[in-house]
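> Attaching a predicted model along with its sequence, questions to come.
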There are 2 protein chains.
Amino acid sequence: MLTVGRVAEQTGLSPKAIRLYEADGLIDPPERTAAGYRTYTATTLPVLRFIRQAQALGLSLKEIKRILDLQRHGQQPCDLVIDLLDEHLAQVDQRIADLQALRETLQTARDRADHAADRGQSAVVCHIIEATGTG
Amino acid sequence: MLTVGRVAEQTGLSPKAIRLYEADGLIDPPERTAAGYRTYTATTLPVLRFIRQAQALGLSLKEIKRILDLQRHGQQPCDLVIDLLDEHLAQVDQRIADLQALRETLQTARDRADHAADRGQSAVVCHIIEATGTG
DNA sequence: ACTTGACCTTGCCCTAAGGGCAAGCTTTTA
DNA sequence: TAAAAGCTTGCCCTTAGGGCAAGGTCAAGT
């Protein structure tokens, strides 16, 4: 019997995650045994693997659901996928730029800790942080 | 009277954020009027500005609280600050590397959308995503 | 004095993607 | 047959607040 734990093993997901995807409408609710156990068919496995791959690309469950909904309606989701990839590429570039700027700021602050020059006067808590920009 | 809204204006924070910092123990609870209004003294402003600067460096409220707690106990928080900065520098570097790898993967997938070569056979949902690595 | 608008109070629900735990069944294994 | 492992639901937790609601309060204009 393909229980949720078994499916988890074969997809690398956790049972909790699989139940969440069901609750969020990413996968169809499976049949249940008389005792209430979820019983999956093998056709669910590729869908779950797809979800994993999409997540690895940084897509959110909400975005993945949009893709899967399209597909369930018999439509080609590839156009949507392309849009999402473009959007994410731009966002990732932005986040990299932001992090590089942050890295600069952090490094500047860190350097200030060693060259303990302007440490004198008006620090409320710690000059290392307070000498940061004008923020 | 230095109400929370006034303090918000002068620090660039929101009233909600200021109340949160109080609830989380980053700032001391201010006096209240008979009606229950928070009445701040000017000494709170530099602390709130410090919190803003620390946040701009990517420190979490929990980390900032540790710094402020040290200071309230009359201790020099700079050693802790240095540790936190080093830690964050390493984390930022790691996140940049992760994002650059993700960018690669995204770009590879995006390229696959145009060069529509291997689009033929076994896509469960969309070959653009499913041809990703072996994940 | 009265009203109105701006401001304050608390409290609750919301975000993303699950992790962890608890109480109570069920299935499997020894 | 009893214990171990697995399943069920449900609730609380994470970040740093945003948004909204209901109700009390302050300041300005009439």
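In hand now; what should we look at?
> C-alpha only now, for contacts and for neighbours.
Will do.
> if you count residues, which helix in chain A comes out on top?
Among the segments of chain A that qualify as a helix by DSSP state H, the longest is helix A:78-114.
> Is there contact, residue-wise, from it to DNA strand D?
No - using C-alpha under 7 Å from any atom of the strand, we find that helix A:78-114 stays clear of DNA strand D, coming within 15.0 Å at best.
> helices or strands next to the helix or strand that comes right after that helix in the packing?
Counting by DSSP states H and E, the next helix or strand C-terminal to helix A:78-114 is helix A:127-130. Counting contacts by 3 or more C-alpha pairs under 8 Å, 6 or more residues apart in numbering or on different chains; DSSP states H and E, helix A:127-130 packs against helix A:78-114, helix B:44-56, helix B:78-114.
> mind running it again at 6 Å?
With contacts defined as 3 or more C-alpha pairs under 6 Å, 6 or more residues apart in numbering or on different chains; DSSP states H and E, the packing partners of helix A:127-130 are helix A:78-114.
> For the longest helix of chain A, which residues meet the burial criterion?
Neighbour counts over helix A:78-114 (16 or more other C-alpha atoms under 10 Å in any protein chain shown) mark A:78, A:81-82, A:84-85, A:88-89, A:92, A:96, A:99, A:102-103, A:105-110, A:112-113 as buried.
> So whichever residue of chain A sits closest to DNA strand C versus residue A:53, what's the distance?
Relative to DNA strand C, the nearest point of chain A is residue A:60 (3.1 Å; C-alpha to the nearest atom of the strand). According to C-alpha to C-alpha, to the nearest Å, residue A:60 stands 11 Å off from residue A:53.
> Neighbour count for these two, which is higher?
More neighbours surround residue A:53 than the other of residue A:60 and residue A:53, with 19 against 13 (other C-alpha atoms under 10 Å in any protein chain shown).
> Would you mind giving me the confidence score for the more buried one?
You'll see residue A:53 listed with a pLDDT of 97.
> ok, now the one 4 residues further on?
For residue A:57, the pLDDT comes out at 97.
> which residues touch the residue of chain A at minimum distance from DNA strand D?
Using C-alpha to the nearest atom of the strand, the single residue of chain A nearest to DNA strand D is residue A:5, 3.1 Å away. By C-alpha atoms under 6 Å, 6 or more residues apart in numbering or on different chains, residue A:5 lies in contact with residue A:15.
> what's the distance between it and residue A:61?
To residue A:61, residue A:5 is 21 Å away according to C-alpha to C-alpha.
> next one: residue A:80
14 Å.
> can you check residue A:115 too?
47 Å.
> These two: who's more crowded?
The neighbour comparison of residue A:115 against residue A:61 (other C-alpha under 10 Å) goes to residue A:61, with 18 against 9.
> And for residue A:36, the neighbour number?
When counting by other C-alpha under 10 Å, one arrives at 8 neighbours for residue A:36.
> brain fart, residue A:16
Other residues near residue A:16 number 12, with proximity taken as other C-alpha under 10 Å.
> Does the host helix or strand of it reach DNA strand C?
According to DSSP H and E, residue A:16 maps onto helix A:15-23. Yes - Helix A:15-23 reaches DNA strand C (C-alpha under 7 Å from any atom of the strand) through A:16-17, A:20.
> three-state assignment of the most centrally placed residue in chain A?
Centroid check for chain A by C-alpha atoms, centre = their mean gives residue A:58 as the closest residue, at 5.1 Å. Following DSSP: H, G, I helix; E, B strand; the rest coil, the label given to residue A:58 is coil.
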